[in-house]
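1. here is a sequence with its predicted model. Questions after.
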Amino acid sequence: MKASGTQLFNLLQGQQHFMIPLFQRPYSWDKKNYESLWNDLMEIYEDGVEERHFLGSIVTKSMDATPEGVTPFLVIDGQQRLTTLTLLLAALRDAAKSTEPQLADKVHRLYLTNEFASNDHKYKVLPTQADRQAYRILVEEGPSKDDRSRASGTYRYFHERIRKTRIDDASLDLKKLEQVIVGGLELVSITLEDADNEYRIFESLNATGTPLTQSDLLRNYFFMRLPATEHEEIYDSVWLPMQELLGGALESFFRYEYMSGGQFVREGDVYQAWKKRLDPLGPEELIERLKYLYRNARFYRRLVAPEDEPDVNIARGLSRLNRWGGQTVHTFLLNMYRRYDEGLVSADEYAEILKLIESFLVRRFFARIPTNQLNRLFIRLAWQLPEGHGPVEATRLALSDLGRRWPRDEDFHEGILRLPLFIEGRYEQRRLILETLEESYGSKESVVLSNLSIEHVMPQTLSEEWKDALGESEVAKHSRVLHLLGNLTLTGYNSELSNSTFSVKREKLAQSNIEMNKEISCETEWMPAQIEQRSKKLAERALEMWPGPT
């Protein structure tokens, strides 16, 4: 590689074209970054151009010249600085149009465009795909009113500062500002030779910079290893659709997809694990693997967004698991989705498997079995299904293995009687349990359960009437049964009921369309004995709703 000190003028003069490759992250500088650059420029402006400010390095790799004589460079490092500086020059150009048209013309023709080049080579700097359209418009026309891109935000900031900044009560001298920008900032230009491995260099440069996400690193890995001629097509047809499909779930997808192969990986080690798995593959195999990932991303989308699943029973099962917080099962479910897609598992079988997994998780919760081994359990499960059985029975048998600790009926029943449900687990888990139990009554009246809230029948704060009713040791009695399942229900009267006496609550609950509440309203008093008896009744229902192992 060759390294030399230079100024922005030397980088941009002549027919130069700096292309940000697809493996780079999008433009990400915010106000803190470009405000700091502006303050540095103003110091140089006041002190004189000879007082240069070191801005950092620009690492590029020279590519074959175009027939029009443009020299293209691949930008390996420094894209944020280079993009920001050209946005600053575009703002300077537009600020100068009305008062100094010759300067505006110079900036546009010398620093922003290659006058006689065609297509994308006419731009001195060409950002990565995500920023390309917004950047082109800024260079050609200035920002549109509807443009809310980061690039547009940077441009607007600089344009406003150029227009409003005054030094010694005088407006900025735009010609002097031009010289400060192109001549007052010192850069180190590092140009790689053909023998230099730009991928290894990019990795080492970013090891100490702003941390890239695991999916950023994987994107970089794929596009650095694929031939440049394939980048545009693969990005447009595979990577970008996969990224748009999953959005913020892309990061977790790569982790769970990796683990669906049978190996555990920590969140921070996903990239290194994939790299080790992919390193032996050639370019064509990498393209096929990327297409395979895109196919599986469509399955993962349904796991995190069940509304996209066409089968109503599968969608319902996935939605319930998401409410429970069952992301640890995604490795197993990805394997099941592949089998479902291949016709090895039917829709009904998949829905039944989801019910088994929910029962497994709910029963373990009431039995207070730690969740720290679930990740590894579900990683192994798909590879440990016994042969000679259908997928549902094989899953039931595998989960029933004693080592996996799927609580039997007696343990589940006992857990329901003892667990202070209201202060254990997550709020959505408590809601799911109560809603499921209410649905088990099979009411003919339709009630939107999602509009209801969880209510303690015996209130959390005891009134004098409640204390008198409880009698001696009222505090101990109250704390023993307060948060049990038997003392919880769903209601839309939460604020009205509050810590009212049971006689008041009983009247309200009798008017409810919730079957559980009608059942409670049949009681003449609400003491620990009634709460514990109701817990037993609900436990019997729970045994049916969440059946146990074989």
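-> Happy to help now that I have it.
2. what about Cys59, how many residues close to it?
-> Not Cys; residue 59 is Val. The tally of other residues near Val59 (other Cβ atoms under 10 Å) stands at 23. For every residue, glycine as well, the C-beta is placed using N, CA and C.
3. please renumber so the chain begins at 11
-> Yep, numbering from 11; the last one is Val69 now.
4. is it within a helix or a strand, and which one?
-> With elements taken from DSSP states H and E, the one containing Val69 is strand 63-72.
5. quickly note the distance from Lys518 to Gln540.
-> Using Cβ to Cβ, to the nearest Å, Lys518 is found at 17 Å from Gln540.
6. ok, Glu243 to Gly435 distance?
-> Distance of Glu243 to Gly435, computed by Cβ to Cβ: 48 Å.
7. which one of the two has more residues nearby?
-> A count of neighbours by other Cβ under 10 Å puts Gly435 above the other of Glu243 and Gly435, at 17 against 11.
8. assign the closest residue to the more buried one other than its chain neighbours to helix, strand or coil.
-> Closest residue in space to Gly435, ignoring its immediate chain neighbours: Phe375 at 6.0 Å, by Cβ to Cβ, 6 or more residues apart in numbering. Here Phe375 is helix, with the state taken from DSSP: H, G, I helix; E, B strand; the rest coil.
9. just give me how far the strand holding Val69 sits from the chain centre.
-> The gap between where strand 63-72 is centred and where its chain is centred comes out at 32 Å by Cα atoms, centre = their mean, to the nearest Å.
10. please identify the buried residues of it?
-> Using 16 or more other Cβ atoms under 10 Å as the test for burial, strand 63-72 gives 65, 68-71.
11. show me the contacts for Leu120.
-> Taking Cβ atoms under 8 Å, 6 or more residues apart in numbering, we find Leu120 in contact with 22-23.
12. tell me who's in contact with Ala377.
-> By Cβ under 8 Å, 6+ apart, the residues touching Ala377 are 415, 417, 421-422, 425.
13. try it again with 7 Å
-> 417, 421-422, 425 (Cβ atoms under 7 Å, 6 or more residues apart in numbering).
14. next one: Gly335
-> Gly335 makes contact with 436, 439 under the criterion Cβ under 7 Å, 6+ apart.
15. and the gap between it and Leu371?
-> Note on Gly335: its distance to Leu371, by Cβ to Cβ, is 9 Å.
16. repeat that for Trp536.
-> Distance of Trp536 to Leu371, given as Cβ to Cβ: 31 Å.
17. repeat for Ala127
-> Taken as Cβ to Cβ, the span from Ala127 to Leu371 is 60 Å.
18. which of the two has more neighbours?
-> Ranked by neighbour count (other Cβ under 10 Å), Ala127 and Leu371 place Leu371 first, with 22 against 17.
19. one step back: so the residue nearest to Gly435 is in contact with Leu431, correct?
-> No: contact criterion Cβ atoms under 7 Å: Phe375 and Leu431 do not qualify, at 9.4 Å.
20. where does pLDDT dip in the stretch 311-460 of the chain?
-> Within the stretch 311-460 of the chain, the segments meeting pLDDT under 70 span 454-456.
21. what do you get for the chain?
-> Low-confidence segments of the chain (pLDDT under 70): 11, 33, 59-61, 204-221, 454-456, 504-507.
22. longest single helix anywhere in it?
-> When the chain is scanned for its longest helix (criterion: DSSP state H), the result is helix 293-314.
23. any idea how far the very next helix or strand once past that helix is from the middle of the chain?
-> Counting by DSSP H and E, the next helix or strand C-terminal to helix 293-314 is helix 322-334. Distance of helix 322-334 from the chain centroid (Cα atoms, centre = their mean) equals 20 Å.
24. next one: stretch 115-130
-> 39 Å.
25. buried ones in it, by neighbour count?
-> Buried residues in stretch 115-130, counted by 16+ other Cβ under 10 Å: 117-118, 120-124, 127.
26. alpha carbons of that stretch, as PDB, please.
-> Extracted in PDB, the C-alpha atoms of stretch 115-130 (Å, rounded to 0.1, in the frame of the first residue of the first chain):
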ATOM      1  CA  ASP A 115     -19.900  26.800 -10.900                       C
ATOM      2  CA  LYS A 116     -16.300  26.000  -9.900                       C
ATOM      3  CA  VAL A 117     -17.300  24.000  -6.900                       C
ATOM      4  CA  HIS A 118     -19.800  22.000  -8.900                       C
ATOM      5  CA  ARG A 119     -17.500  21.200 -11.800                       C
ATOM      6  CA  LEU A 120     -14.300  20.800 -10.000                       C
ATOM      7  CA  TYR A 121     -15.200  19.100  -6.700                       C
ATOM      8  CA  LEU A 122     -18.600  17.500  -7.100                       C
ATOM      9  CA  THR A 123     -18.800  16.100 -10.600                       C
ATOM     10  CA  ASN A 124     -16.700  14.800 -13.500                       C
ATOM     11  CA  GLU A 125     -18.100  17.000 -16.300                       C
ATOM     12  CA  PHE A 126     -17.700  14.700 -19.200                       C
ATOM     13  CA  ALA A 127     -18.400  11.300 -17.600                       C
ATOM     14  CA  SER A 128     -21.700   9.400 -17.900                       C
ATOM     15  CA  ASN A 129     -23.800   7.400 -15.500                       C
ATOM     16  CA  ASP A 130     -22.700   7.200 -11.900                       C
END
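27. ok, which stretches of the stretch 61-210 of the chain are helices?
-> Taking DSSP state H, counting those that start in this stretch as the criterion, the stretch 61-210 of the chain carries its helices at 89-106, 111-116, 139-150, 160-174, 184-193, 208-217.
28. closest one to Leu344 among those helices?
-> helix 139-150 (27.3 Å; Cβ to Cβ).
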